[in-house]
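Chemist: sequence-free structure coming up:
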């Protein structure tokens, strides 16, 4: 399977478009030592659109690559949408991840049950081994006492 990376700007634009919200606005500026900082302004929900509109503005940290600052700030906006608006991208990998998480939980429960069974068997086996050693010790002591010459 070939993995295809999709930029954060494309994903953020797709989320907002799917929610019938205006496209995000990016503003980049140079920072000290040749680094760039990018701000993104967007409306996270339709509730914020009636006048006066209340957009959210997030900023990237200073980076040397302009495209990286745009992708970083887009990812911040996507995380904002997930954390504050409960809007999550759904794709094949997300669905597959959820399916695998559920299967993992089932296997974890099954493993816990088996672990308890193994602990019980180990305890029972330990008790049997202890009893066998006790019997062996008793037999050894009887054999030793029988092999000793009797005193007149």
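Modeler: Great, that's in hand. Only a predicted model underlies this, so the values are computations on that prediction, with no experimental measurement involved.
Chemist: would you list every one of the helices in the protein?
Modeler: Using DSSP state H, the helices of the chain run over 8-18, 66-85, 92-147.
Chemist: contact partners for the nearest residue to residue 35 once chain neighbours are set aside?
Modeler: The shortest distance from residue 35 to any residue that is not its chain neighbour, by Cβ to Cβ, 6 or more residues apart in numbering, is 3.9 Å, and that residue is residue 62. C-beta here means a position set from N, CA and C on the backbone, and glycine is covered the same way. Counting by Cβ atoms under 8 Å, 6 or more residues apart in numbering, residue 62 makes contact with 31, 32, 35, 36, 37, 69.
Chemist: can you say which of these are buried?
Modeler: In terms of neighbour count (16 or more other Cβ atoms under 10 Å), the buried residues within the contacts of residue 62 are 31, 36, 37, 69.
Chemist: sorry, back to before: looking at the contacts of residue 62, spot the one nearest residue 12.
Modeler: Nearest to residue 12 out of the contacts of residue 62 is residue 69 (Cβ to Cβ; 13.8 Å).
Chemist: list phi and psi for residue 55.
Modeler: phi -80, psi 160 (degrees, to the nearest 10).
Chemist: doesn't residue 43 make contact with it?
Modeler: Yes. With contact defined as Cβ atoms under 8 Å, residue 55 reaches residue 43; the gap is 5.4 Å.
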